[in-house]
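Asker: here is the input, now give the coordinates:
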Amino acid sequence: MKKKPTKKPEKKPEKKLKVAFVVHEFPVLSETFIVNQATGLIDRGCEVDIYTDRLGDPSKVHPDVQAYDLLSRTRLLPAVPQNYAVRALKAIALIARYSYQYPNRVARSLNIFRRGIRAASLWSLFTELPPLDLPSYDIIHAQFGNLGFHSLLLRDLSPNARLVVMFRGFDISQQVQAKGPGVYSSLFKQADFFLTNCDFFRQRLLALGCPPDRVRVHYSGLDCSKFTPKLHSGHFSGPSSEKVRIAATGRLVEKKGFEYAIKAIAKVAEHSPHVTFDIIGDGPLRPELSALIETLNMQETIHLLGWRDEQEIIDTLTRSHLFVAPSVTAAKGNQDAPINVLKEAMALGLPVVSTTHGGIPELVEDGVSGFLVPERDADAIAQALTTLIAHPERWSAMGAAGRAYVEAHYNLDSLNDKLLALYQQLTADPKEGPYQSPPDVVPATQSLLSSSHKPVVIR
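Answerer: I've put the predicted structure just below:
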């Protein structure tokens, strides 16, 4: 008697996840990591909405913001007055207006036993009245640590959602210095999972009391196919009629350390007069940096280019030979992770000079893909650049090493696959067993707003 063949179990179809990102501002040209994750999840079948405190400048946006119509997926979160006196006065008006129509909701929003500090600070009153008509989400992903508290509102409205909180820099450095080591204690108890964009910040989160089984490193990825490496032949033998082009990219704020790069270039130019330095970016320190350039009489050498879109940045870096990222710890404690602009420069095959700061040593290997120097040390930056200019034969090997490292550890497709895997495990049916943290979450080491792109405003 023949044995009947065993019937293979049908593969259970993957659930189409509904995901809500919570961000400070959208769109923001410098925050490509938000766009990269949103579009990656959409490509993988997820529905993604973006909730923001404020709308960014739409005049220059990442091309994928348009290609994926992300502005139509964007919703403004309710505004909460920052001044406590104004908040209290407006709270009285809200209670008077909605107590008759929504008595239970008013009572819940003021229930400190249920809402905690959000009720005591009147935050939940503003965010829950009038009632928000929102879809039910599977995942709520706070893209910065301090937005974890904001995101609890969305989870109140989607009680089955899992809350993932990502820490990226100022939220685990400046915020902790300003508000104390207990700033995230209640969030550690309420959120489901935590991510950091480098091990440097993961260690800091653990020191603050984050459960070690609920925190992993998840780097910000890069689509290396957009960056064709320019591996230099090393034809510079010293100062000549051809310029050595050095570039930097970033917001003109204290922690980016551009002051020290400008001073370093002035020192380099004393011995290598054919250097030129382009800084892509804008910010509050632009007048101060412009004045410094004039004081050093470097107007012909150092150029503040302002903001550029992604392709313009790639074009500028492709014409460059060396890249500088002089990050420093700001006075308020703000620090950087392995910053995307360094990954982009390395993906293009540029030797880099950066600082021993935050998570940057996890990206740049000193003496292999570039040089690392101490923070706030213009002399050390100048020395590293002088060494590179004097030894152009090293550029190709350093550039190739940097490109290889970015490809191996910051591959955007791989990281988006891992993010989706994390979401799926977090939302797995409880009958299938308790949640197990995935072992591979940690990597190996433009246009104006048109009527069709208007974001949905929550009132």
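
Asker: if we ignore the residues flanking it in sequence, what's nearest residue 185?
Answerer: In this structure, residue 185 finds its nearest non-sequential neighbour in residue 209, 6.2 Å apart by CB to CB, 6 or more residues apart in numbering. C-betas here are computed from N, CA, C, even on glycine.

Asker: what do you get for residue 63?
Answerer: Closest residue to residue 63 apart from its sequence neighbours, by CB to CB, 6+ apart: residue 310 at 6.7 Å.

Asker: quick one: that neighbour and residue 62 touch, right?
Answerer: Yes. Between residue 310 and residue 62 there is a contact under CB atoms under 8 Å: 6.0 Å.

Asker: list the contacts of the residue nearest to residue 40 when sequence neighbours are not counted.
Answerer: Among residues not flanking residue 40 along the chain, residue 416 sits closest, at 3.3 Å (CB to CB, 6+ apart). By CB atoms under 8 Å, 6 or more residues apart in numbering, the contact set of residue 416 is 36, 37, 40, 41, 43, 44, 221.

Asker: 7 Å instead?
Answerer: Counting by CB atoms under 7 Å, 6 or more residues apart in numbering, residue 416 touches 37, 40, 41, 44, 221.

Asker: for residue 170, give me its contacts.
Answerer: Per CB under 7 Å, 6+ apart, neighbours of residue 170: residue 334.

Asker: restricting to C-alpha, output stretch 36-43 in PDB.
Answerer: The C-alpha trace of stretch 36-43 is given here as PDB (Å, rounded to 0.1, in the frame of the first residue of the first chain):
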ATOM      1  CA  ASN A  36      14.800  56.200   2.300                       C
ATOM      2  CA  GLN A  37      13.000  54.200   4.900                       C
ATOM      3  CA  ALA A  38       9.500  55.400   3.800                       C
ATOM      4  CA  THR A  39      10.000  54.600   0.200                       C
ATOM      5  CA  GLY A  40      11.700  51.300   1.000                       C
ATOM      6  CA  LEU A  41       8.800  50.100   3.000                       C
ATOM      7  CA  ILE A  42       6.300  51.200   0.300                       C
ATOM      8  CA  ASP A  43       8.300  49.200  -2.200                       C
END
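
Asker: coming back round to it: which element is the residue nearest to residue 40 on?
Answerer: Following DSSP states H and E, one finds residue 416 within helix 412-426.

Asker: quick revisit: the residue nearest to residue 185 against residue 187, yeah?
Answerer: No. In this structure residue 209 lies outside contact range of residue 187 using CB atoms under 7 Å: 10.3 Å.

Asker: the two: who's more crowded?
Answerer: residue 187 (19 against 12; other CB atoms under 10 Å).

Asker: list phi and psi for the more buried one.
Answerer: When read as degrees, to the nearest 10, the backbone of residue 187 gives phi -70, psi -40.

Asker: list the residues that contact the nearest residue to it once chain neighbours are set aside.
Answerer: The shortest distance from residue 187 to any non-neighbouring residue, by CB to CB, 6+ apart, is to residue 148 (4.6 Å). Contacts here follow CB under 7 Å, 6+ apart; on that basis residue 148 touches 142, 165, 187, 191.

Asker: and the residues you listed, which of them are in helices?
Answerer: Judged by DSSP state H, the subset of these located in helices is residue 187.

Asker: can you name every helix or strand that whichever strand or helix holds residue 404 contacts?
Answerer: Here residue 404 sits within helix 395-409, counting by DSSP H and E. Helices and strands touching helix 395-409, by 3 or more CB pairs under 7 Å, 6 or more residues apart in numbering; DSSP states H and E, are helix 340-347.

Asker: tell me the mean pLDDT over the helix it packs on?
Answerer: Averaging pLDDT along helix 340-347 yields 94.

Asker: show me what the helix or strand following that helix is packed up against.
Answerer: Next along the chain after helix 340-347, taking DSSP H and E as the criterion, comes strand 352-355. Counting contacts by 3+ CB pairs under 7 Å, 6+ apart, strand 352-355 packs against strand 322-325, helix 340-347, strand 370-373, helix 378-390.

Asker: ok, now with 10 Å
Answerer: The contact analysis (3 or more CB pairs under 10 Å, 6 or more residues apart in numbering; DSSP states H and E) places strand 352-355 against helix 258-271, strand 322-325, helix 340-347, strand 370-373, helix 378-390, helix 395-409.

Asker: need the contacts of residue 148 in CSV (columns: distance to residue 359 and pLDDT).
Answerer: Below are the contacts of residue 148 laid out as CSV (distance: CB to CB, whole Å; pLDDT from 0 to 100):
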residue, distance to residue 359, pLDDT
142, 19, 97
165, 18, 97
187, 21, 93
191, 22, 95
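
Asker: ok, residue 211 - contacts?
Answerer: The neighbours of residue 211, taking CB atoms under 10 Å, 6 or more residues apart in numbering as the test, are 188, 189, 191, 193, 194, 205.

Asker: what of residue 257?
Answerer: Residues counted as contacts of residue 257 (CB under 10 Å, 6+ apart) are 248, 250, 324-330, 336, 354-355, 357, 375-378, 381.

Asker: got phi/psi on residue 22?
Answerer: Backbone torsions of residue 22, given as degrees, to the nearest 10, read phi -120, psi 120.

Asker: closest one to residue 24 out of the contacts of residue 416, please.
Answerer: residue 37 (15.1 Å; CB to CB).

Asker: how close does that closest one sit to residue 420?
Answerer: In this view, residue 37 and residue 420 are 10 Å apart by CB to CB, to the nearest Å.

Asker: now residue 376
Answerer: From residue 376 to residue 420 the distance is 40 Å (CB to CB).

Asker: out of the two, which sits in the more crowded spot?
Answerer: residue 420 (21 against 15).

Asker: now the strands for the stretch 51-200 of the chain?
Answerer: Assigned by DSSP state E, counting those that start in this stretch, the stretch 51-200 of the chain shows strands spanning 74-76, 139-142, 162-167, 193-196.

Asker: quick check: mean pLDDT across the last one?
Answerer: This points to strand 193-196. Averaged over strand 193-196, pLDDT sits at 97.

Asker: pLDDT weak spots in the stretch 1-150 of the chain?
Answerer: For the stretch 1-150 of the chain, residues meeting the criterion pLDDT under 70 lie at 1-14, 131-133.

Asker: quick check: the farthest pair among the contacts of residue 148?
Answerer: Farthest-apart pair in the contacts of residue 148 is 142 and 187; separation 9.1 Å (CB to CB).

Asker: overlap in contacts of the two?
Answerer: Common contacts of residue 142 and residue 187, defined by CB under 10 Å, 6+ apart, comprise 148, 149, 151, 152, 163, 165, 194.

Asker: what is the nearest of those to residue 107?
Answerer: Out of the shared contacts of residue 142 and residue 187, the member with the shortest distance to residue 107 (by CB to CB) is residue 152, at 18.0 Å.

Asker: next, the contact list for that closest one, please.
Answerer: 22, 115-116, 118, 123-124, 127, 140, 142, 163, 186-187, 190-191.
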